[in-house]
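**Q** quick one, fold the following:
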Amino acid sequence: MYRFIALSAPSGAGKTTIASRLIQRNKDLVISISATTRPKRPGEKHGVDYFFMTASDFESNIRDRNFLEYEQVHGNYYGTLRPVVDDLIRRGRRIVFDIDVKGALSIRKVFPDESLLIFIQAPSIDELKKRLRKRRSESEEAIALRFRRIDYEISQSKYFDHIIINDSLERTVEKIESLIHSDESA
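**A** As a prediction, the model looks like this:
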């Protein structure tokens, strides 16, 4: 059974919305809340959306080996706190990671036989850029940083188990649910 489901995508492809829908619709799934040094967006809450940290606190956690994986992306740190995941494992939970491509590949290294890696794509690069601008949660400079990373992220999709084009939120969620539960009858 897949106990670790990693969703990755370029910014704006919809992975956070998809992860939220999966959690709402599947009570056997729980989201792994990541840590980050990026500023909070309007409406975000510490410990719900992310564990927001200063760069100094994040680097201290790196030195103390408290991260299962971490990366510096778009000028900020992002990572998965080992104690959070360990607690979810102890409670027997299946974990969804809303994570960048390097983080997903790190999850695969730690849990090679129990992880499912799914790459989410927008229908086109133009649509991806439109969605990112529509969020209106970041400066033009931050958006430009995210745009520069799109080609790299898409190039890494070949290492994932599945690539799903998010052209319809409902269909995308249903496809992912099917993949997550496909190994349960085996």
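**Q** shaky segments in the chain?
**A** 135-138, 184-186 (pLDDT under 70).
**Q** strands along the protein, start to end?
**A** 4-8, 29-32, 35-36, 51-52, 67-73, 76-81, 94-98, 115-121, 162-165 (DSSP state E).
**Q** residues of the lengthiest helix in the chain that come out buried?
**A** Counting by DSSP state H, the longest helix found in the chain is helix 140-156. By neighbour count on 16 or more other CB atoms under 10 Å, the buried set for helix 140-156 is 142-143, 145-147, 150, 153-154, 156. Placement of C-beta: from N, CA and C, glycine included.
**Q** now those as CSV including distance to Y2?
**A** Conversion of the buried residues of helix 140-156 to CSV gives the following (distance: CB to CB, whole Å):
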residue, distance to Y2
A142, 33
I143, 33
L145, 32
R146, 28
F147, 32
I150, 27
E153, 22
I154, 23
Q156, 20
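**Q** and those residues, which is closest to H74?
**A** L145 (4.7 Å; CB to CB).
**Q** surely that closest one meets R38?
**A** No: applying CB atoms under 8 Å as the test, L145 and R38 come out as separate, 11.0 Å apart.
**Q** what sits in contact with each of the two?
**A** Shared contacts of L145 and R38, defined by CB atoms under 8 Å, 6 or more residues apart in numbering, are found at H74.
**Q** run a quick check on K129 versus G12, I expect a contact.
**A** Yes: counting by CB under 8 Å, G12 is a contact partner of K129 at 7.1 Å.
**Q** okay, those two: which has more neighbours?
**A** G12 (21 against 18; other CB atoms under 10 Å).
**Q** how about that one, what does it touch?
**A** Neighbour list for G12: 122, 128-132, 135, 146 [criterion: CB under 8 Å, 6+ apart].
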